[in-house]
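1. what follows is a protein structure lacking sequence information:
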């Protein structure tokens, strides 16, 4: 294995074009044209590129700040004007009925004080909501329209990204694997990529488990979830059955699974795993065709270039879209007042997750610094558009186009990035793995369950594996969390408690997922055995 490049990032200048966040042109080089080099053999850096990159990042940062301020000032009045109190009343009444139900009361007989306190809190909330309905805010129709416009801005931006991400996934992975296949390097690249994914996911789970077992955020809330309320039954599918279903899919859904029976149904269901599998197989076959496949390879490259041009137009509106997504989410919580109310109950859990994500992020940047020779400050500056987009969209799949642009700034070969990043969207979920481990042990603490060593090992293994294959869409971690809870015998009833803060934590863990993908692309590019051969490949835009 050859050693990674130890070039200083300060010596590696950026390709011509804007940054990803400001609709950058990236390192777009024609297949038949050579990129201009400086005397040191490094691509030249035209003046103004760094300034434009910083401008794009600043625009996203301003959008995030404005969204938080907008949600804090107008979130509650807009929520009130849109009928939020009525929806909240319906939810609280259903919760009150459940607590008053005889079977629920029997299941929670061990904590009557908690049940009585919760019922009193619900009654108080109902009275407050009734007052809000009786006293509507001024200019309610205007506020309702404003809320719809803000939500529309975010949803249009997110839908445009999702509209283009699957075709981009297909063309970029297929063309990238085909180019690497011509160098007989696909097998090695896959081995390095998956070794990196498993290692970082396992480390993330370990960090999360150490923190949650020492901080113990759920001990003070023990009794909210009954230990005997739910346990895995014999007819519930186990881990092996679930993983088998992930591979073969469900019979009633032809587009599901790693190997879908209908490619168009897989695209309609946003089955990233199935599309990725088809793209890899297609790229391998195309690379094995030699000169006869050159025409089709050039067609895929041109399609990829067309999609990137379309995506650059969408990314130009990233500040508006991110503002709409984050502001509308704050509004749906009843403004910051409603979010802080939920945060008060689960504050220690949220802090535990955030601390774990921060440590994992520091570790990943350290890997990029030590192994790939990246300067920490410059590396974070170049990947900041992708991290801001990840926080705004809470989707690593929707962030994929921006991540590809960031790898151009990092001087990662496009053929390598076109394989590593799309695969990482599905198989590299460091933040999600950490969150699932913390949430599982937190729910066990809520239920008063003392976890033994076998259960801890089960959580470690299932949290590492469940994050692999989790769809790169918002709130996917809550779906795969059920698998971890089922395998460890932890009641799943407490998952509902996490919904109030999951929208915020989902955005934070998506940032770590995307950061892990970008670090992986940088590291694998540096350690790849055929480094010289890869660098000679055309940089396809």
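-> Good, I have the coordinates. Worth saying up front: this structure is predicted, and the values here are computed from it rather than measured.

2. return the residues in contact with residue 321.
-> 153, 154, 156, 157, 158, 392, 393 (C-beta atoms under 8 Å, 6 or more residues apart in numbering). C-beta coordinates here come from the backbone N, C-alpha and C atoms, glycine included.

3. same check on residue 505?
-> Contacts of residue 505 (C-beta under 8 Å, 6+ apart): 350, 353, 354, 435.

4. among the residues you listed, name the buried ones.
-> 350, 353, 435 (16 or more other C-beta atoms under 10 Å).

5. of these, closest to residue 300?
-> Distance to residue 300, by C-beta to C-beta, is smallest for residue 435 among those, at 35.7 Å.

6. average pLDDT for the helix or strand that contains the closest one?
-> Here residue 435, judged by DSSP states H and E, is contained in helix 430-446. The average pLDDT for helix 430-446 rounds to 89.

7. elements contacting that helix?
-> helix 186-215, helix 335-370, helix 453-466, helix 476-488, helix 495-527 (3 or more C-beta pairs under 8 Å, 6 or more residues apart in numbering; DSSP states H and E).

8. can you tell me which of these is packed in deepest?
-> helix 495-527 (a mean of 23; mean count of other C-beta atoms under 10 Å).

9. mean confidence score for it?
-> 86.

10. quick one: it to chain centroid distance?
-> 5 Å (C-alpha atoms, centre = their mean, to the nearest Å).

11. residue 397 against residue 272, yeah?
-> Yes - judged on C-beta atoms under 8 Å, residue 397 makes contact with residue 272 at a distance of 5.9 Å.

12. run a quick neighbour tally on residue 83.
-> If you count neighbours by other C-beta atoms under 10 Å, residue 83 ends up with 11.

13. quick one: list the elements packing against the longest helix along the chain.
-> Criterion DSSP state H: the longest helix present in the chain is helix 140-182. Helix 140-182 is packed against helix 49-81, helix 186-215, helix 272-287, helix 294-315, helix 318-332, helix 376-393, helix 396-409, helix 414-427, with contacts defined by 3+ C-beta pairs under 8 Å, 6+ apart.

14. again, only this time at 7 Å
-> Contact here means 3 or more C-beta pairs under 7 Å, 6 or more residues apart in numbering; DSSP states H and E; on that basis helix 140-182 packs against helix 49-81, helix 186-215, helix 272-287, helix 294-315, helix 318-332, helix 396-409, helix 414-427.

15. any chance of TSV for those, columns distance to residue 500 and mean pLDDT?
-> Putting the helices and strands packed on helix 140-182 into TSV (distance: least, C-beta to C-beta, whole Å; pLDDT from 0 to 100) gives the following:
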stretch	distance to residue 500	mean pLDDT
helix 49-81	14	74
helix 186-215	19	87
helix 272-287	28	83
helix 294-315	31	86
helix 318-332	11	85
helix 396-409	23	86
helix 414-427	27	82
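
16. who are the contact partners of residue 293?
-> 178, 286 (C-beta atoms under 7 Å, 6 or more residues apart in numbering).

17. one step back: and the helices and strands packed on helix 140-182: which comes nearest residue 497?
-> Of all those, helix 186-215 comes closest under C-beta to C-beta, at 15.1 Å.

18. quick one: residues contacting residue 96.
-> Per C-beta under 7 Å, 6+ apart, neighbours of residue 96: 119, 122.

19. tell me which element it falls in.
-> Counting by DSSP H and E, residue 96 is part of helix 84-100.

20. tell me the mean pLDDT for that helix?
-> For helix 84-100, the per-residue pLDDT averages 72.

21. repeat for stretch 250-268
-> Stretch 250-268 comes out at a mean pLDDT of 80.

22. which of the residues in it are buried?
-> For stretch 250-268, burial by neighbour count (16+ other C-beta under 10 Å) applies to 254, 255, 256, 257, 258, 260, 262, 265, 266, 267.

23. which one of the residues you listed is nearest residue 464?
-> Among these, and counting by C-beta to C-beta, the member closest to residue 464 is residue 258, at 17.9 Å.

24. secondary structure class for the residue nearest to the closest one when sequence neighbours are not counted?
-> Excluding the flanking residues, the one nearest residue 258 by C-beta to C-beta, 6 or more residues apart in numbering is residue 247, at 4.6 Å. Judged by DSSP: H, G, I helix; E, B strand; the rest coil, the three-state class of residue 247 is helix.

25. per the record, what domains does this protein have?
-> Domain assignment for the chain by automatic domain parsing gives 75-138, 139-535.

26. related to what we said a few turns ago, dump the contacts of residue 321 to JSON lines, plus distance to residue 292.
-> Shown next, in JSON lines, are the contacts of residue 321 (distance: C-beta to C-beta, whole Å):
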{"residue": "153", "distance to residue 292": "47"}
{"residue": "154", "distance to residue 292": "46"}
{"residue": "156", "distance to residue 292": "42"}
{"residue": "157", "distance to residue 292": "41"}
{"residue": "158", "distance to residue 292": "40"}
{"residue": "392", "distance to residue 292": "44"}
{"residue": "393", "distance to residue 292": "40"}
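
27. ok, back up a step: centre of the chain to the helix holding residue 96, how far?
-> 31 Å.

28. so which bits of that helix are buried?
-> Those buried within helix 84-100 under the rule 16+ other C-beta under 10 Å are 84, 85, 88, 89, 92, 96, 99.

29. what does stretch 134-153 give?
-> Across stretch 134-153, burial judged by 16+ other C-beta under 10 Å covers 137, 143, 144, 146, 147, 150, 151, 153.

30. now stretch 162-180
-> By 16+ other C-beta under 10 Å, the buried positions in stretch 162-180 come out as 164-180.

31. just give the number of residues close to the nearest residue to residue 330 once chain neighbours are set aside.
-> Distances taken as C-beta to C-beta, 6+ apart place residue 71 nearest to residue 330, at 2.9 Å, with adjacent residues excluded. By other C-beta under 10 Å, 25 other residues sit near residue 71.

32. report whether the expected contact of residue 71 with residue 335 is present.
-> Yes - between residue 71 and residue 335 there is a contact under C-beta atoms under 7 Å: 6.1 Å.
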